Structures are given as structure tokens and as C-alpha cells.
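**Q** Give me a 3D structure for the following:
(4 chains)
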Number of protein chains: 4
Amino acid sequence: MKAVRLFEYNRPFAESLRLVDVPEPEITGPFDVIVKIAGAGVCRTDIHIAQAVWQQALGDPKLPYTIGHENAGHVEAFGSAVTGLAKGDPVICHPLITCGLCYPCRTAYDMACEHGVFPGLDGADGGWAEYLKTSVRNIIKLAPGTDPVPLAPFADAGITAYHAVKKALPYIHPGSKVVVVGVGGLGHFGVQLVKVMSTGTVIALDSNRDRLDFAREIGADEVALAGDDGGVAEILRLTDGRGADVILDFVAENGTPQQALRYLRPARGGTYIVIGYGGQVSPTTLDMIANEINILGSIVGSYSELTELMELNRQGRVHITSTTFPLEDYAHALDELDAGHVRGRGVLVP
Amino acid sequence: MKAVRLFEYNRPFAESLRLVDVPEPEITGPFDVIVKIAGAGVCRTDIHIAQAVWQQALGDPKLPYTIGHENAGHVEAFGSAVTGLAKGDPVICHPLITCGLCYPCRTAYDMACEHGVFPGLDGADGGWAEYLKTSVRNIIKLAPGTDPVPLAPFADAGITAYHAVKKALPYIHPGSKVVVVGVGGLGHFGVQLVKVMSTGTVIALDSNRDRLDFAREIGADEVALAGDDGGVAEILRLTDGRGADVILDFVAENGTPQQALRYLRPARGGTYIVIGYGGQVSPTTLDMIANEINILGSIVGSYSELTELMELNRQGRVHITSTTFPLEDYAHALDELDAGHVRGRGVLVP
Amino acid sequence: MKAVRLFEYNRPFAESLRLVDVPEPEITGPFDVIVKIAGAGVCRTDIHIAQAVWQQALGDPKLPYTIGHENAGHVEAFGSAVTGLAKGDPVICHPLITCGLCYPCRTAYDMACEHGVFPGLDGADGGWAEYLKTSVRNIIKLAPGTDPVPLAPFADAGITAYHAVKKALPYIHPGSKVVVVGVGGLGHFGVQLVKVMSTGTVIALDSNRDRLDFAREIGADEVALAGDDGGVAEILRLTDGRGADVILDFVAENGTPQQALRYLRPARGGTYIVIGYGGQVSPTTLDMIANEINILGSIVGSYSELTELMELNRQGRVHITSTTFPLEDYAHALDELDAGHVRGRGVLVP
Amino acid sequence: MKAVRLFEYNRPFAESLRLVDVPEPEITGPFDVIVKIAGAGVCRTDIHIAQAVWQQALGDPKLPYTIGHENAGHVEAFGSAVTGLAKGDPVICHPLITCGLCYPCRTAYDMACEHGVFPGLDGADGGWAEYLKTSVRNIIKLAPGTDPVPLAPFADAGITAYHAVKKALPYIHPGSKVVVVGVGGLGHFGVQLVKVMSTGTVIALDSNRDRLDFAREIGADEVALAGDDGGVAEILRLTDGRGADVILDFVAENGTPQQALRYLRPARGGTYIVIGYGGQVSPTTLDMIANEINILGSIVGSYSELTELMELNRQGRVHITSTTFPLEDYAHALDELDAGHVRGRGVLVP
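**A** Numbers count the residues shown, from 1 in each chain, chains lettered A, B, ... in the order given. Down below sits the predicted model:
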């Protein structure tokens, strides 16, 4: 079958990643499931993988392997112990294959599974291919008849935004100002989810005017252009000088953390949530205590959170904006993402 | 009456602060209370005040004023609208005089009162004196017959540790390793409170062996000496290489934040709580998300928290270790604190 | 001035309650506020008061007194210590005058104030009059130019629904089925608030088809007619036989508690919240544990909750449906309420 | 092997339950584990099973089957997919075998597993036998060298108390009065756990003076004899007339629910937690709201909670008091329990 595999770090996308022919995966264990990929999302993390940003954190995985960690499709085959699935069922895959037995798995925090496998990221083959081998443990059935193609980005971009907004909820009440930094693949979920899940007011912040228009279309109450000062003055203006109660930073590089600390509300527990990466956040400890700031990291989300998010999508409360590309055009899709040309999320279709 | 007032920043203690004679305070408002000071705590923040560390954050208060924000004594007089108090009642004073009407006051977060006055800190006269004028809003009655002298440090050191430990509770379960950094005035409450309020295991970290012995006496399960590496290797050893689940940093300067991030547990929401100040904490955003770290500032605590803490003290579950000095010896008391010679907390007695 | 006062229990409304002339209230304390009433809500509790249902619970208040506990209007006068108010400001009054000093007031639970006064209920004069004397502690300023007349019912019906929905939030996630029992004055807020504050699905239950149509108009996802079986079969049908995850019972009499326990979801912590009163709830302890049921009482809400709710109204997220009556027609307004003819809430205008 | 099986309901214990010889269980699935029973607890629920109290709730399980749901022992054998266990490892068994895949299992609420099997209760063979067949999913390894015999009752009595106390924690603060009703197998854990896990004050209530002495020995702050009025007057006296903030009712029959509602604190969210069963709780809805009461059912606890509890036991913070009986004396052990003669918990040893 066709698969896009990572062969080498830090080359142009079309060289680091190559479309090759590999054997189809086979069922070997009782809980295995093989999914025929309908759509596979294109994530900034794929760019970072090719740039070796994750190489060390992931223990230097053996190359080549197939990337792609936002996967949706149809059930193709499954192991002997799997119940409740039938060939052809539309499904979405939680990105992590978890053990179900360790303390994190037992306490609804399965993203910290002590034995987790992350296809498309840590060396296990991912979903930029015709078929993906995974486990019943990370399969979520979609409603009968659902087209999984456009939904793939829920599997990572969606759940990551959902998890981060859940973290923010204790700090949001009616009248709270919530800044969403970056209205890309994750941020476009973030804007919607703050409105659906909380009583806060959303201010979308981006350096691109088109994205701010997009933010308004999907529900942002206010928008702010990140000009020379990163939007600090505009956010202060929109919050009557008080600053933001909560900041969801889907960028977290190129100075956004420094700017965030300047428009985070002093006093009363202003909360800065880091979801993007690439930068550094450096408050003094006096800042931390004098304003009683919270700085919270957030990554992906649990299986049950993805279940909840797909239910919100089924009910029509959360929508996805995506653009499809043929699998062969993966390098073009990455270039478009890198250039900031994709509205919402790109999806590869094998 | 006698009072120790701040006249000038950044001089030797005996010159920045001078014992002078000032008029006794008088009741002017219906909710005023005058407390005859029995004991007033000596806090590292008093040193920082004299060093102008807080000058800007407090809006450059007009000098001179009487310092001292950890106050306990007996009711001397009160305004016309005060009920439930009698002359001679032993009391402790919450450090902030709050309005009771703003949103923070209404939501149990009165430390963020929008109209708060902080005697001894922001220019209002504090308690290093014979009498303190305050409000019924920050008075807590002690059990009849209680000697307030040794209890004064509960008013700031105690409540600050209590509030920080409360913040830590959601992250502690049986088996969690909680590191208390610095076993001084605040930390000696921290060690006890983690044991009383949570099911975690306490590891006390200090650069001074005597303080580690002291930590053991008051309940620490393990102790670690902060040697050349700040205790990083020892904490990792004591946690089987996993790192600490929660860190309560009562120092937060001289490198402790950098060290903390090295022994904070990767994965599963390791939580670093900043209570001291003077340093800087600088994780990369990749660190923040890859390990899903929480960094939380914590300052003082609410009136109701001080009520709760005094109840724990009354029940004998939390004890104070303090050394008294005559008010006249305030400069010596500050020198002893600065030199790390005070076990627990120093208290001035007028 | 004109005032409707309770003279006698258990007579026709026009005899129990009489419109009489009484002296206007005067400022006597520093925190007093006099409000010129613009609108005063008509609540089922007013009926219950006249029927002596609350007589014992309230300590047999001395008659006569002016009733009316849902009050909005304009500031007329205020005491010497009041700041931030001007004559003519539009305001709404939290129903309880609280002390601000006791432990419940300090912990955001001021409805349990140990020294609270409840005008219109406990013998203090309420708002079915031209003027109401209250305190700055229970005044919430509305946005300049707001017409307070139709908003009065937020002061009790609104906040009671808000507080109850807040209690329900920990038990609601995407896909949860939340039944709102009774779409009257409180329930019409309940339906809206579940949608605004949670990710649950709302099923409105009422015995009156018009009210079910009304429920649909204001956002209910599904409706169920409470026929012979109180709607049990219909709710089970709408929940695929699983039952409701959360029930908000704004009626809680005439058998609704018994019915609720029949359609409450067995297993996984089904939660039944009691807001109305008049009936009895009688599970066996085996039912309580085998299905791990929660039964929670809920009454009114705190001052800060009313602040939050008025902000949601200001933002246009929560609306009120009300019908005005001249103050003189109070008995007719009560008859209409008793007969179930009022859509939303009735409001008396002096 | 020897096993005690339920053959018939509602006969004397020695006839309802008979010691018989049955084949040893065998490994058939990849996650199976066979435990050589060291100790199996004797629970009031075993009496209720024999009395058919659970017959209907459990769907009328086919007789005979082996009872015993509090099991500890040593690993004897395991299936092909099991890792981390070795023959001879001391273990304790969570009472429910869960699927690990359903929404409750995914959200740390595995007691509500949609496909759970409850050996010893629902027709699957339990642990009053030489060997128990269970799954790796409900096995918790004990520290090497631990004697599992006396620990068996943690598996149900212990975890049930732990789960109930966890439910109580949000309602307990320093100074709160927590009444533990019934100092038997569950209650003796309850008394200890309130002290270890919370800052509340424990009042133990029992009709038996010996048990009150026992309660004092294991940490109760106060004790109350349940005389003619069930202890109502004594609890009110011990709480200065205010009543209990939280009640943990491990009996919940023979009038204890009615009594509990009489000494539950009016106002401020008094919380009554039902853990025992056999009675009925019947507040009026007016009682529920006027005092804003919470009534919460509680049953067993999750796998992760048992992990946490065993850690507290390992640390020496929670102890068990148990009496062993040879397996053959099961009927005598049940009689002793029924007569209230067992201090702590009885344990059968095969």
C-alpha cells in the first residue's frame, strides 16, 4: 500500500518524507484493529517531526516510519477479542494506544499512559497511508453513515483544544475575557469550544486579518490583530485595561508567551495555558506571586474527552473547517500549512 | 506609643527602620478595631520592604510608616457598629483589611479585594508598635484564655503556607511525593500542613542540616540536603527516579526554580507552586506541554482560610515554633532572620 | 406610600394581602439604600407565604408586613458609608441582606448568612410597594439606561435556577440528558441556563402543552408531556431507556419526586436536584447505593451568582419572559399564577 | 478444591451455604489470573445475599455459585497477555472485573462498568474457596513479603469506606463535625480515614459500648451511644446544638436515616452519605431546600481508589482489625457477624 514515511530529518518536506510502497498491516493480537484511512490530518507537529524538534523527547525513533497522527476511516479488520465493531464502521482514532491498566489509564488521564504507543510520532506507523493498524482501545465509533474524511483533525487538533478549554473552565465565569492566541487548526476549535463549554467572552488574537474574519464567523466576540506589540495594547483596550482572565496560547513561540504575560490580568488568578510550543515563558517569581498567576501546560486529551468532543460535533455544536489534499500532495499540504494558507485544517485523502 | 517605622530604603536595618514615639491610634469609623499588640511576627518580607523590593509594586508608599503585618493581641477598643467583641479578647489579625463588597470579597478570594488596605506594607501603619488600628473585618477571635504572643506568625507565614497547600491538594494522592523547599518560618508550617491536610509524603529540602533535623521533628517523612546541585540528585533518588509530584517552593530564588524543574515529575501534571520570590522560572513551552506541567503562584490566603488554620491550631494539629524578641531589638531580630538563625519564626513583643 | 402587606394567613389572596398606605422608609444606617421599586416579581413562594407554608420555618414573623422578594428599581437614597451609587441608578436587589462577616459570607455561601434578613419573607418589609429599604450589600447595579421593570424576576427565580444549574454542572458532559421539570417562572430560566452553562441536552417536562411549546422556543432540545405517569415512559423513550443523567425539579410536589426516581438513570451517579417544594422524596437506601444516586437540595443563590447571571442577561445569552400587572392587581396576578396562566413570570409595577 | 457455595435463599446459613468440592478454575483467556486465596472477608452483604436481598437487583443469578467478594492471596497462574506478575506474588483483588473500554471505565468510575462481572455476588464464582479465577484488570500487587490474610477486607469494606470518605471531602473543613454511624467492618475504616484524609472531627455513633471504646482506640475524637433516640440528643450536644456537617451512615437501616436527618446540620449544605442499606430516607422537599441538604449514595469504589488505599495501609496510616476463621467455619463466622460480636472484620482462611 501507499504510505508517506519519514526518512531523514531537516530536509525539504518532499525529501524528508517520501511516498513509498509498504506491505499492508496485519492483525496479530486479539485487540488489534485495522482502519482503512479515509482522511489523515496535517498538523504543525508533522512539520516539527520532520525538523527533529521531537527527536530527543521521543527517544530518537528508528527511521523510516509512517507519520500521521490524526486519523479517521472505516474498520477493515479486527482481532479475536474485539466486540462491537463491524467491517465498514466509520471511526475516528484517539492518537495514543493505551494499556488500560496503569494508574494514569485508571484515573482518566490516559494521555500519560505508562505504556502508550503513539503511531505516527514515536516510531510506530501512523496514518498517512491506506491502512493503519491500531487497537480497539483507541477506536471511537462515529454515527452510522458519517463521512469520516473531514473529521480526522478532531483526533488531535480538536481534542487538544477541548482538553485545554476544560483546563480553563474553573477560571472562567460570566464576564471573563478569554483570549485565544492563533486561529489555525487548533485555535479554530478553541474559539468555538470556549463559547460552547463556558460562559466567557472570546477575544481571538492573530497576526493575519483573514483569520480574524474567520474567527468572527465561527463565534469570536472580539478580535485583535497581533501587530508590532503582539496585540498587547489592543487586548488591554478590549478588557478596559484589566487584561485577560484566561489566555489559551495555541502558538507559544515567537514572543507570544512574553506578550501574554503583559496582557494577563494582574491579581485574581489570571491563567495562562500553553498548548503550542517553540518558545519560552519566563516570569519572575515575584510576578508569579504578586499577581497569583497560573501557568498550565496542556497536551492532547484523553480518550473519553475525544468521545465527548465527537458527541458535540454530532449534535452540531462544534464544526470543523478543513481542506482536503490527495495523499500524494503531502509536501504541498505541508508547505501550505507552513505558509499560513490553510483555513482550519488540511486533510490528506489516500 | 512606641512604633518601628520605615524611614528610608536600603540602609542597615537599624537605620532604615527606627523606633520612634507616635500618637496612639483612635477609633474614627463604625467598624474600626484597635488591638493592643501582644506579638508581631518578623517576616522576610519586612527585609524586602526595607530593601525596596516591594516599593514599585505597592505604588511607592509615603514614608515613614510603621511596618509589621503579622499581628496578634487583645482588643482595646472598637467602633459603634462592631458586635461580638469585648475589650481584652485575644485576637489575631488577617493581614488585609478588605471591603467585603467587591466581587473577589464575595467569592471567597478576599486577598484580591479591589479596595484592600495592607497595614505594615502599603503605607498604612502596621503592628510593630504598641497598638494597631484595624477593622472588624480582619479580626479573628481566639479561644478565651489563649496567649496570642506566639501565634502572631499564623497571620501571614501560617496562612500563606495553608493557602499554598490547599492549592496543592488536587494534585496529591496517597503515594504522592511533595517536596517542601525551605524549612523556615513558612516552610515549617508547610511541612506540617501537607501531613495534616493531605495523604502525600513530605520530603523537606533545605541547605541547612539543622533545619532538616527540625523538619523531621515536625513530621517530614524524608529530608534532602540542598548541596551543590540544589538537592536534585537526592530528590530523584528519594522518588525512585520519578521526581516530585508537587513542589512547594517557599524560597523561589537563588536557583531553586531551575532546580525544581529538574526534579519535577515529568508527565502526569507535575505541579510547581511558587510562594517565595526573588528568582525567575523559565521553562520552555515544549517542557510545559510535553510534561503537562503546572506552575502556580500563591500569595497569603483568605480570611476564612486563617479561620480554618486557627481551628487546626486550637485542635493541636498544627504547632508553631517561634522565638520572641523585645520590640526594641527589631534590628537584631531582622539580622538573625537574615542569617538563617531563627528556628521557625521570630516574634517582637512590645 | 402604597404597599401590599400580609395581614392574615389562609384567606383568599385579596383578603390575606391588602393594599394599604404606609410611611415611606428612611435611611437610618450608614449602609442603607432605598430603592424606588420599578418592578417586583410574583412568585409561587408568595402564595406559599399567604398559605402559612413558611410560617414555622421563618419563626412565625409578626404580621402585617409587606411582601415581595424579587425587586428591581432605581436608587432613591443611601447612607453615609455607601460609595459607587448615585440617585437614579438602575439596580436589582439580591433577596437576602447579609452581614458580610460570618463564615458563610466569607466563603461565597452568603445565602446561609448567620445574620441574614430576607425582606418580604421573614417579617422585614419587601418590595410590593413604592419604595424598599435595603442595604448596599445586596444591591447590584445594572448597565446605565437599563429598564429594570422586566428584570425583577432575575432576583429570585433567575438566581435560583442559576444556582441549581451550577450544582448540576459536575454531573453533565456532552451527551448527558438533563430533564427540567416545570417550565414556569424558574423553569424557563432553567431551560436556557442548562444550554448556556453546560454541554448537556435539555428535555423539558411539563403537564401543559403550551409550556412545552414555550420550552422549545427558548431552547429545549426535547419536550415531554407529563401525562398519567408523570412523563416517566416518555423520558425513558427519549433517553433510549437509560433514564436522565440529571433532573432539575422546579416543582417537587404532586408526585414529581416519585416519578423522578423512576426515570433517573440507574448507575453512574444519576443526580436529582430539588428546587421546588411541597412533596416528599423517599428512596430506599438500597436504591441510593445500588444506583449511587445523588439527591441535592438547592435554594436561591449567592450575591456573586446574581452578579454573574445579570452579566449573562446583559450579554443577551439569557432572556426573561414576563407579564406586568399594576401593583393594585396583585390578587389577580396571584390568581393567574396559581392557575398556571402566566408565561414566564408576573411582575407588579407600582 | 473446597468452596462455599450458595444453594438456596433464606435458610439458616449452614444450609443456604454449603462447603462442597468443586473443580479448580483454569486459565482460558489471555488476561485471566488465578489467585490462591489466603483470606476472604466476611461481609454483611454475604448475609444479605443469602437472604435474597440482592436477588432481584442482580437479575436472579443461577444457583449454586461460590460467594466471597473480599479476596486476597497469591498469584497461582495467569494468561498469555499478563505482564508484571509472578507466581507467588501477594495480591489483593478489586471486587469488580471491569472491561476497561466503556465510558465509565475510561473516566475513573469503573464501578459502573457497563460489562462488569462481580465474582461472589452476581453468579460468577467468588473467593470462599481455595482458588479464585479473576482478571489482571482487578489485581493489585502488594509489597513483596506482605501477608495478604488480614488484608482481604480492604477489598470491599476498606474501599467502600474510602470511596465514601472521598465523597465527603468537599464538605469537610477544619472544625467540621463528621458522624460515622456504625463502627463495624466498614465503619472502623471510616473512622480512621476521616482522620487521615480530612481535617474534620470524628464523632463515632454506635449502639454498642464496646464498639465505641474501639472507635476511641482507632482515633475517634468523640463517641456517642445510640440509645432510645438513636443518639440524636447526644450528637446535638456534642455539636453545640448545630448538628453534624457530614454523616457517613454505614448502617442505613433500623431508623438510622430518620435519626440522621434530625441531627444533620440545618443550613449550609449538611451532607448525608448513605453506604449501608435496608432502610428508607424520606425528607420532605421543603426540608431538602430550606436546609439545602445533600443526600448521596455511595457504593464500593474504583480500582484506583483501592490502589490508593493499599498505599495508605503500606505506609501505616490505616490499619485493619480482623479475626480469622477456618473456611469450614463460615456459618459460625456469619453468625458472629450477625450477632455483632466481630471487632473489625472476620476473615475466612481456606
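
**Q** so who does residue A:17 touch?
**A** Contact partners of residue A:17, counting by C-beta atoms under 8 Å, 6 or more residues apart in numbering or on different chains, are A:4, A:5, A:6, A:7, A:50, A:67, A:330, A:331, A:334. Any C-beta I mention is one placed from the backbone N, CA and C, and that applies to glycine too.

**Q** how far away is it from residue B:6?
**A** Distance, residue A:17 to residue B:6, by C-beta to C-beta, to the nearest Å: 65 Å.

**Q** Return the members of the contacts of residue A:17 classed as buried.
**A** Burial by neighbour count, 16 or more other C-beta atoms under 10 Å in any protein chain shown: within those this picks out A:4, A:5, A:6, A:50, A:67, A:330, A:331, A:334.

**Q** Closest to chain D out of these?
**A** Comparing the buried ones among the contacts of residue A:17 against chain D with C-beta to the nearest C-beta places residue A:67 closest, at 26.6 Å.

**Q** What residues does that closest one make contact with?
**A** Here residue A:67 is in contact with A:4, A:5, A:6, A:17, A:46, A:49, A:120, A:121, A:126, A:128 (C-beta under 8 Å, 6+ apart).

**Q** do residue A:179 as well
**A** A:203, A:204, A:205, A:224, A:235, A:244, A:246, A:247, A:248, A:260, A:263.

**Q** For stretch A:123-140, give the mean pLDDT please.
**A** Stretch A:123-140 shows a mean pLDDT of 97.

**Q** and that stretch, is it in reach of chain D?
**A** Yes - shown here: stretch A:123-140 in contact with chain D (C-beta under 8 Å from any C-beta of the partner chain) through A:136, A:137.

**Q** now that stretch, how far from the chain's geometric center?
**A** Computed by C-alpha atoms, centre = their mean, to the nearest Å, the chain-centroid distance of stretch A:123-140 equals 17 Å.

**Q** now do stretch A:206-225
**A** So, by C-alpha atoms, centre = their mean, the centroid of stretch A:206-225 is 19 Å from its chain's centroid.

**Q** Pretty sure residue A:272 sits against residue A:291.
**A** No - applying C-beta atoms under 8 Å, one finds residue A:272 not in contact with residue A:291, separated by 10.7 Å.

**Q** Quickly list what's touching both of these two.
**A** residue A:264.

**Q** Have a look at the two and say which one is more surrounded.
**A** Higher neighbour count among residue A:272 and residue A:291: residue A:272, with 25 against 22, using other C-beta atoms under 10 Å in any protein chain shown.

**Q** Please report the distance of that one from residue A:155.
**A** From residue A:272 to residue A:155 the distance is 26 Å (C-beta to C-beta).

**Q** With residue A:203 instead?
**A** For residue A:203, the distance to residue A:155 - C-beta to C-beta - is 27 Å.

**Q** Who has more neighbours out of these two?
**A** Set side by side, residue A:203 and residue A:155 show more neighbours around residue A:155, with 29 against 26, by other C-beta under 10 Å.

**Q** could you list every residue that touches the closest residue to that one other than its chain neighbours?
**A** Using C-beta to C-beta, 6 or more residues apart in numbering or on different chains and skipping residues adjacent in sequence, the residue nearest residue A:155 is residue A:70, 4.4 Å away. Counting by C-beta under 8 Å, 6+ apart, residue A:70 makes contact with A:40, A:41, A:42, A:43, A:95, A:127, A:152, A:153, A:154, A:155, A:156, A:157.

**Q** So which bits of the stretch 1-150 of chain A are right by chain B?
**A** Neighbours of chain B within the stretch 1-150 of chain A, by C-beta under 8 Å from any C-beta: A:53, A:57, A:104, A:109, A:111, A:112.

**Q** among these, who's most crowded?
**A** residue A:111 (26 neighbours).

**Q** For that one, which non-adjacent residue is closest in space?
**A** Per C-beta to C-beta, 6+ apart, closest to residue A:111 is residue A:300, 5.1 Å.

**Q** can you check residue A:196 too?
**A** In space, residue A:196 is closest to residue A:317, 5.1 Å off (C-beta to C-beta, 6+ apart).

**Q** which SSE is residue A:199 in?
**A** For residue A:199, there is no helix or strand it lies in under DSSP states H and E.

**Q** Wait, residue A:109 touches residue A:303, no?
**A** No - with contact defined as C-beta under 8 Å, residue A:109 does not count as touching residue A:303 (10.4 Å).

**Q** buried residues in stretch A:280-298?
**A** Buried, per 16+ other C-beta under 10 Å, within stretch A:280-298: A:280-281, A:283-298.

**Q** let me fix that: stretch A:149-169
**A** Buried-residue list, stretch A:149-169, by 16+ other C-beta under 10 Å: A:149-168.

**Q** now the helices for chain A?
**A** Here chain A has its helices, by DSSP state H, at A:13-16, A:44-50, A:103-106, A:157-168, A:185-197, A:209-217, A:232-238, A:256-263, A:285-290, A:303-314, A:330-338.

**Q** Among those helices, which comes closest to residue C:187?
**A** helix A:185-197 (22.8 Å; C-beta to C-beta).

**Q** quick check: mean pLDDT across that closest one?
**A** The model assigns helix A:185-197 a mean pLDDT of 97.

**Q** Return the list of helices and strands in contact with it.
**A** Under the contact criterion of 3 or more C-beta pairs under 8 Å, 6 or more residues apart in numbering or on different chains; DSSP states H and E, helix A:185-197 touches helix A:157-168, strand A:177-181, strand A:201-206, helix A:209-217, strand A:246-249, strand A:345-349.

**Q** Tabulate the ones you listed in TSV, adding columns for distance to residue B:254.
**A** Output for the helices and strands packed on helix A:185-197, formatted as TSV (distance: least, C-beta to C-beta, whole Å):
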stretch	distance to residue B:254
helix A:157-168	31
strand A:177-181	33
strand A:201-206	36
helix A:209-217	44
strand A:246-249	29
strand A:345-349	46
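
**Q** will you turn those into JSON lines that also has mean pLDDT?
**A** Converted to JSON lines, these look like this (pLDDT from 0 to 100):
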{"stretch": "helix A:157-168", "mean pLDDT": "98"}
{"stretch": "strand A:177-181", "mean pLDDT": "98"}
{"stretch": "strand A:201-206", "mean pLDDT": "98"}
{"stretch": "helix A:209-217", "mean pLDDT": "96"}
{"stretch": "strand A:246-249", "mean pLDDT": "98"}
{"stretch": "strand A:345-349", "mean pLDDT": "96"}
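
**Q** which one of those lies closest to residue D:76?
**A** Taking C-beta to C-beta, helix A:157-168 is the member of those nearest to residue D:76, at 41.3 Å.

**Q** Direction-wise, compare that closest one with helix A:185-197 and give the angle.
**A** Here helix A:157-168 runs at 50 degrees with respect to helix A:185-197, directions being taken by axes from the mean of the first three to the mean of the last three C-alpha atoms, to 10 degrees.

**Q** how much space between residue A:68 and chain D?
**A** 24 Å (C-beta to the nearest C-beta, to the nearest Å).
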